[in-house]
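[1] Could you work out the structure for the sequence below:
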Amino acid sequence: MKLFTKYNRINVVASILIFFIGCLAFYVVLNYVLLRQLDKTLRSEKSEILQHVKEHNELPEIVNTNEQEIEFSPTKVLNIKVEYFSIKIWDAREKEKEWKRILVFPVEVSGKKYVAIVTKSQVETEELLSLIIGLAVGMIALIIAANYFINKIVLRKLWQPFYVTINRIGDYQLSKKQTLQLPITAIDEFNLLNDNFNNMTQKIEHEYETLKEFTGNAAHEMQTPLAVIANNADALMQDEFVLKNHHQTIAIIEQSVNRLSRLNQSLLLLTKIENQRFALNETVQWDELVQQKVDELQELITSQGMQIMVDLKPVGTQFNQHLADIIISNLINNAIRYNIANGSITISLKNNQLIIANMSDLPALDAKKIGTRFYRHPATKLDGNGLGLSIVKQICSVGGYNVAYYFKEEQHYLSINF
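    Numbers count the residues shown, from 1 in each chain. From the prediction side, this is the model:
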């Protein structure tokens, strides 16, 4: 969930809750005030009745209206309390139950005691209360809606620098030697965030360049010692006495040197690719290149009892011929190396997509780790340095090609979208 959405939900819910409590309190207070006003009118009516009795020593003439009714009932009760209360009773005129406000008080005329009951309708009070509450609720709804849209506009504008920062960080690629330029904003917190990102990327760039330089230098410096060891191992293999007594030891040395040499060459190639030392201005005809590699490896494929099925359509791009050759060689060699006896390889090239599938004893690989340096499945028994697919992925990254892996029906699939 986006921060803005979460904030708006909390803000709207909190506003509704606060306004609901406010409306409830407003209703209670307003109802109390209106009832007190009605009670004041009842007290005024009571005063007029008592004044009339005092002056004329008789009960006043009863004149009932829709809004007010007066009733006098004889009583023998000595202590009658003055009471105000509301009750819902049947109204014969309106033919429905309505709320009435009633005042009960004692009246004495010529020694006779009466109970005076003055009833006033609360309809007008309820209508006024409903009108005021309706207006209040409408205003509150309008305020909440206005607050929501104002927040939406204002917050989007306020958070715009943050999204600019996120987009630039997302587009930033360390290997392309880009400089991360984050803008200065009018908000201190965003400026602090941008400054920290700028400082962090500068440190990362420095450490990356240092590490890359070290890797390149180390790989370069290893070439001469490796060549010396390989030459001496080869010389020892020519000595019959040494070969007779130390054949296995020398074979292990030679095998290890060859493996280390391949690793060294792969690291040097990766360094060159990362340093963008290859021009991408050559026309590469991928279908012809794939067919050429298949023809070169056909004898090896046949000797291992494998079958290869090829479906190629013309696909050409602007790239580097040498790098394209490395991609195809690595992918096909990989499909051969990790195949099963009498297995099959399928190569498809059409709609600017190359797909190479091969059978294998290995289960599905981790798609997220494909192309990671030195990644090999734990069940892999073959001798390899784990850099083949890493080189392919790095080369494809230079050309802007997408590499994908998936496992289906006991076959491993690698695809490249040009």
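
[2] From now on I want contacts and neighbour counts done on CA atoms only, so please keep to that.
    Will do.

[3] I'd assumed residue 180 was in a strand, is it?
    No - read with DSSP: H, G, I helix; E, B strand; the rest coil, residue 180 is coil and lies in no strand.

[4] Confirm for me that it is in contact with residue 174.
    No - contact criterion Cα atoms under 8 Å: residue 180 and residue 174 do not qualify, at 9.3 Å.

[5] out of these two, which sits in the busier spot?
    residue 180 (19 against 15; other Cα atoms under 10 Å).

[6] how far away is that one from residue 172?
    In this view, residue 180 and residue 172 are 7 Å apart by Cα to Cα, to the nearest Å.

[7] try residue 337
    Here the criterion is Cα to Cα. By it, residue 337 lies 36 Å from residue 172.

[8] Then residue 16?
    From residue 16 across to residue 172, the span is 43 Å (Cα to Cα).

[9] next structured bit after the helix or strand hosting residue 141?
    Using DSSP states H and E, residue 141 maps to helix 123-171. Counting by DSSP H and E, the next helix or strand C-terminal to helix 123-171 is helix 188-238.

[10] Over that next one, what's the mean pLDDT, rounded is fine.
    Averaged over helix 188-238, pLDDT sits at 77.

[11] any idea of the angle the helix or strand of the chain with the lowest mean pLDDT forms with helix 188-238?
    Lowest mean confidence among the helices and strands of the chain (mean pLDDT, DSSP states H and E): helix 240-274, at a mean of 72. With axes from the mean of the first three to the mean of the last three Cα atoms, to 10 degrees applied, the angle from helix 240-274 to helix 188-238 works out at 160 degrees.

[12] Just name whatever secondary elements the helix or strand following helix 240-274 is in contact with.
    Per DSSP H and E, the first helix or strand lying C-terminal to helix 240-274 is strand 282-285. On a contact count with 3 or more Cα pairs under 8 Å, 6 or more residues apart in numbering; DSSP states H and E, strand 282-285 meets strand 316-319, helix 321-337.

[13] Would you format those as CSV with distance to residue 145 and mean neighbour count included?
    Shown next, in CSV, are the helices and strands packed on strand 282-285 (distance: least, Cα to Cα, whole Å; neighbours: other Cα atoms under 10 Å):
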stretch, distance to residue 145, mean neighbour count
strand 316-319, 55, 15
helix 321-337, 58, 18
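
[14] Relative to residue 129, which of these is closest?
    Closest approach to residue 129 among the helices and strands packed on strand 282-285 is made by strand 316-319 (78.1 Å; Cα to Cα).

[15] Would you list the strands that the closest one pairs with, along with their directions?
    In the sheet, strand 316-319 lines up against strand 282-285 (antiparallel) (DSSP bridges).

[16] Any buried residues in the strand it pairs with, and which?
    Within strand 282-285, the residues that qualify as buried are 284-285, counting by 16 or more other Cα atoms under 10 Å.

[17] longest strand in this structure, by residue count?
    Scanning the chain for the longest strand, with DSSP state E as the assignment, gives strand 96-109.

[18] Give the next helix or strand downstream of that strand.
    Assigned by DSSP H and E, the successor of strand 96-109 is strand 112-121.

[19] between that following strand and strand 96-109, how big is the angle?
    Going by the same axes, to 10 degrees, strand 112-121 makes 150 degrees with strand 96-109.

[20] Quick one: the helices and strands packed on strand 282-285 as TSV, columns for mean pLDDT and distance to residue 191 too.
    Below are those laid out as TSV (pLDDT from 0 to 100; distance: least, Cα to Cα, whole Å):
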stretch	mean pLDDT	distance to residue 191
strand 316-319	90	41
helix 321-337	89	42
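
[21] Tabulate those (CSV), appending distance to residue 69.
    Output for these, formatted as CSV (distance: least, Cα to Cα, whole Å):
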stretch, distance to residue 69
strand 316-319, 99
helix 321-337, 102
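
[22] Which of those sits closest to residue 232?
    Nearest of these (Cα to Cα): helix 321-337, 29.6 Å.

[23] Helix 240-274 and that closest one, what's the angle between them?
    Per the same axes, to 10 degrees, the angle that helix 321-337 makes with helix 240-274 is 120 degrees.

[24] what's helix 321-337 packed up against?
    In terms of contacts (3+ Cα pairs under 8 Å, 6+ apart), helix 321-337 is packed against strand 282-285, helix 286-303, strand 353-359, helix 388-399.

[25] try 7 Å
    Secondary-structure packing of helix 321-337 (3 or more Cα pairs under 7 Å, 6 or more residues apart in numbering; DSSP states H and E): helix 388-399.

[26] and the helix it packs on, how far from the chain's centre?
    Mean-position distance between helix 388-399 and its chain equals 29 Å (Cα atoms, centre = their mean, to the nearest Å).

[27] Now the element after that helix, going C-ward?
    Using DSSP H and E, the helix or strand that follows helix 388-399 in sequence is strand 402-408.
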